[in-house]
Structures are given as C-alpha cells and as structure tokens.
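Peer 1: With the sequence up front, the predicted model follows.
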Amino acid sequence: MKEINTFRVGQDLLFSGIIYVARDQAHKRLVEAIKKGRRLPFELKNSIIYYCGPTQTAQGKIIGACGPTTSARMDEFTPLLLKQGLKGMIGKGNRSLDVKKAIRKYKGVYFITYAGCGALLSKYVKSVKKIAYHDLGPEAILKLEVENFPLIVAIDAYGGCIYGED
Amino acid sequence: MKEIKAYKITQAVVELVKRANFSLRKDVLLALRLALRIEKNKRAITILGAILDNAVYAKKENLAICQDTGMPVVFVEIGQNLRISGDLKAAINSGIAKGYKKYALRNSVCADPLQRGKSGFSPGIVHLDIVSGDKIKLTLLPKGFGCENKSQLKMFKPTVEVDEIKKFILDAVKIAGADACPPYVVGVGIGGTADYASLLAKKALLKKIKSNPGLSSKGTVPALERELLLAINKLNIGPMGLGGKITALAVNILTYPTHIAGLPVAINISCHALRSASVIL
C-alpha cells in the first residue's frame, strides 16, 4: 500500500489487493518468532493484516463467512508488528493508546469494515491460500486476494481516530 | 409413557444449527428495519443497510450470518412424562458436531481452555430443565464471543437504589462500545444467585424483541426495559460504534426471587446478529 500516507480518518474506500488473515493465536506466534529472530511465514513489510477467522468453506465457494473480529485483543502484539513494517490492519472496534501511538510513529493505518456482515464480505474475496500455522484451524494464517473490499479509515497516521479522543 | 429416541434429537439439533446460523430471527429483522427508519445519521443508515443485506445474502447463499458461529448454547425443556432412550447430552452434542460440519460453520470450540490447541465444533453448553408434559423443546443460541466477552456480573447490596443498577447496565454497554457489534440486544438477569442471574441474562436474549416497547405491557420490569433502552440509545454509540440513535435494539430483563442479603445482577450482551432457533418434539 503505497498511498497509506494519504489516508485520513473517516474516509471510505474499496480495497483491491492482498491481505493476510491473522488473529489471536497467530499473533502470539508471530511475535514469538520475531523475538526469537525466526523467519516469518510472510513478508510483514508493507503488508495488511485482517483480524478474521472465517467459517469453513462450503463446496463450490471460495471462502465462508469472513467478517472482522474484535481488534482490541490484538493490541498487545500490534506495536511490535508495526515496528517490523506492518502497514495496515483491518478489524472492528477501538484500539489501545499504545497502538495509536505506534500507528503514528511507524506511519500505519487502521481500517474497520462491516462488523457482523461475514456473509456479505465473502463476496469480495477472489482467492484464498492457507500459508501458515495450519494446526490453528480457524486461526491459521491465510493470504486473501480481495477486490473492492469495503473499508473505513478508523485511525490514521496523523493521530486521527474515528471513535474520538481517549 | 411417551418415548423419543436420542437420534431424533440429534436430527432436530442438526436442523436448528442450519436455521439459527443462516436465517436471522424475524423479531431481530423487524427491529433492524425499524432502526433503519428511525436512524438519521448517514453512516449509521449505510451500516444498517449492510447488516440487512448481509442477512438476505446469508439466507440465499446458505452462508453463516456471521463467521463467529459461536459457542453453541442449547436450552432444553424436557417434559417429565417423556422418556428418552439413549444419551440426551451426547445426542445434542452429536447434533451440534454434525450440523456445524455439514453446513461448513466454524470450529471455534477449544477442548482445553488453558492449553487451547486444536479447536472443534463441539461440545456446546447444555442447560437442562424439567417441565410438565410429554414433549421436549430444544433451543439453540449460537453465541458469538465478541459480545460474550462483554458479559458482567455484580452482587449488589439488597438496599441498593434502582438507579445504581441502571448505571451498572449503562456502563456495561459503554464498555462494550464499538467492540461487540452494536446495535446490541442487552440481556439482563436480576435476582437468584450469581450463577442463576447469569443464566437468566443469557435466557433473556431469547425473549422476543418488542417492536414497539413504548406501548407494551405495564409493570416494573417492562418499565425498566423501556427506560434503559431510551438511556442506552442516548449514548450515541450507534451501529458499529460510529454514532447514531440506535445503540441497542432492545433491553430484555428476566427476574427471579433472591436472598434477603443480596441482589445479583448479570448482563449478557448480544451483537446485532442475535441468532436462535427452537423446535418442539
């Protein structure tokens, strides 16, 4: 995402490109791997992580329901990932002060998308590849190719937050 | 004595899994449509529109309304004149496992809460109740954990003013904020014991949402439900927490007698995707 610095809080956009699905346990493992200096399963630099755990995929479908999960649970892991080059996050709900500071410091962006609309959001997913932590089942890391995925900028790199001041 | 074979219960649960996860409850749909008419905030209108579109799309495509297909909670009312041949709880959990697999839902249940590890479809939470008659009623509530995580319990003093209880409930909604997919349905259990108040709060989510609470029945509880709903909808949390008139679709309260020394109050919040389905066999 080259144009990240242009995003401002409250802006609506439709994103097309690659996003990586990772939630609770995957975050714990990513942070452990960084701390131990191990190679990560995907290139974190300039990537976008989507906090999501889809349902299983029914026959003939690309993906199941795949809406956002509560972002706040990932707060303790996020500053380190931003430091390592993560650029964007997609989830639902507010973030901690530490995450907001890190977003500002490392010039990242936090998006939200339609919460509780997992069926609808599956329409925008064009391909799915399971890339790591298969043993985590619904919490495995997936690489998604999305087209016109609806996003709202919730926290920008300039200290703006859609939920107001802390 | 009337008899029912356990496999019939398994079959019924499989069907409930489909109904609850693919079709939003009629009363919830009505409340959402009403919310769309009341809402003036442009963003809130767009979000409510997406929520309603999602419900239509889920049903049409046999997709889960929400990817969090929950911890399956099953309420069972067994008539005391009904004999079940086979293992009831095993039959229910088998229905959950089969149904969740068949309909490609999510295996969100960790076998060990501390070790975590590989997750599965079951077991669910089974609440059994013995009632009169010779039928069995099964109700499945797939409870998402974004909102379950916002549950609260407080043991008040018996001399507490009602205003303090109201504040506790309002604060719980404020804490849930944007995180747990508003507009919410707020389940409240008042009385009993700590465990029983928590059960009542969850059961309150099964109460049908009144589409016009302003005109409904008299009494302390309906008045408190109305008052709380008005107060919650003044918080301006709104759909997805981005502001608006509709922060909650309903406040549902259940009460039970309690001890002279206390007053337990439990809160169980549901996201807008409040899903449940029942069957009587």
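Peer 2: Arrived safely.

Peer 1: Give me the contacts around the lengthiest helix in chain A.
Peer 2: Counting by DSSP state H, the longest helix found in chain A is helix A:24-35. Residues from elsewhere that reach helix A:24-35 (CB atoms under 8 Å, 6 or more residues apart in numbering or on different chains): A:22, A:39-40, A:44, A:73-74, A:77-78, A:80-81, A:84, A:132-133, A:136, A:139-141, B:116. All C-beta atoms are positioned from the backbone trio N, CA, C, and that covers glycine.

Peer 1: so how far is it from its chain's centroid?
Peer 2: On the basis of CA atoms, centre = their mean, to the nearest Å, helix A:24-35 is displaced by 14 Å from the centre of the chain it belongs to.

Peer 1: which element follows it toward the C-terminus?
Peer 2: Downstream of helix A:24-35, the first helix or strand assigned by DSSP states H and E is strand A:48-50.

Peer 1: And that next one, how far out from the chain middle?
Peer 2: On CA atoms, centre = their mean, the centre of strand A:48-50 falls 2 Å from the chain's centre.

Peer 1: do stretch A:57-66 as well
Peer 2: 20 Å.

Peer 1: quick revisit: so which of the contacts of helix A:24-35 sit within helices?
Peer 2: Checking the contacts of helix A:24-35 against DSSP H, those in helices are A:Thr78, A:Leu80, A:Leu81.

Peer 1: Could you turn the buried ones of the contacts of helix A:24-35 into a PyMOL selection?
Peer 2: In PyMOL syntax, the buried subset of the contacts of helix A:24-35 is picked out as below (16 or more other CB atoms under 10 Å in any protein chain shown):
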select buried, chain A and resi 22+40+44+73+74+77+78+81+132+133+136+139+140+141
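
Peer 1: what's in contact with whichever strand or helix holds B:Lys118?
Peer 2: Assigned by DSSP H and E, B:Lys118 belongs to strand B:116-120. Defining contact as CB under 8 Å, 6+ apart, one finds that strand B:116-120 is touched by A:Gln25, A:Asp135, A:Gly137, A:Pro138, A:Glu139, B:Ala97, B:Asn107, B:Ser108, B:Val109, B:Cys110, B:Ala111.

Peer 1: Pull out the buried positions in the top strand by length along chain A.
Peer 2: Determined from DSSP state E, the single longest strand within chain A is strand A:141-155. Judged by neighbour count (16+ other CB under 10 Å), strand A:141-155 contains these buried residues: A:141-146, A:149-155.

Peer 1: from the chain's centre, how far out does it sit?
Peer 2: Distance of strand A:141-155 from the chain centroid (CA atoms, centre = their mean) equals 7 Å.

Peer 1: Mean confidence (pLDDT) on that strand, please.
Peer 2: Averaging pLDDT along strand A:141-155 yields 98.

Peer 1: which residues sit in contact with residue 94?
Peer 2: Since no chain was named, I'll use chain A. A:Ser71, A:Ala72, A:Cys161, A:Tyr163, B:Gly177, B:Ala178, B:Asp179, B:Gly241.

Peer 1: oops, I was thinking of chain B
Peer 2: By CB under 8 Å, 6+ apart, the residues touching B:Ser94 are B:Thr10, B:Val13, B:Ser122.

Peer 1: mind running it again at 10 Å?
Peer 2: Applying CB atoms under 10 Å, 6 or more residues apart in numbering or on different chains to B:Ser94 gives the contacts B:Ala6, B:Tyr7, B:Ile9, B:Thr10, B:Gln11, B:Val13, B:Val14, B:Asp87, B:Ser122, B:Pro123.

Peer 1: which one of those sits closest to chain A?
Peer 2: For these, the minimum distance to chain A (CB to the nearest CB) is 13.8 Å, reached by B:Ser122.

Peer 1: Could you dump the contacts of A:Asn94 into a markdown table and include pLDDT?
Peer 2: Below are these laid out as a markdown table (pLDDT from 0 to 100):
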| residue | pLDDT |
| --- | --- |
| A:Ser71 | 98 |
| A:Ala72 | 97 |
| A:Cys161 | 97 |
| A:Tyr163 | 95 |
| B:Gly177 | 97 |
| B:Ala178 | 97 |
| B:Asp179 | 96 |
| B:Gly241 | 97 |
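
Peer 1: among those, which two are most distant?
Peer 2: The largest distance within these, taken as CB to CB, falls between A:Cys161 and B:Asp179 and amounts to 14.2 Å.

Peer 1: Please say which of those two ends up with more neighbours.
Peer 2: Neighbour count, other CB atoms under 10 Å in any protein chain shown: between A:Cys161 and B:Asp179, B:Asp179 has more, with 24 against 18.
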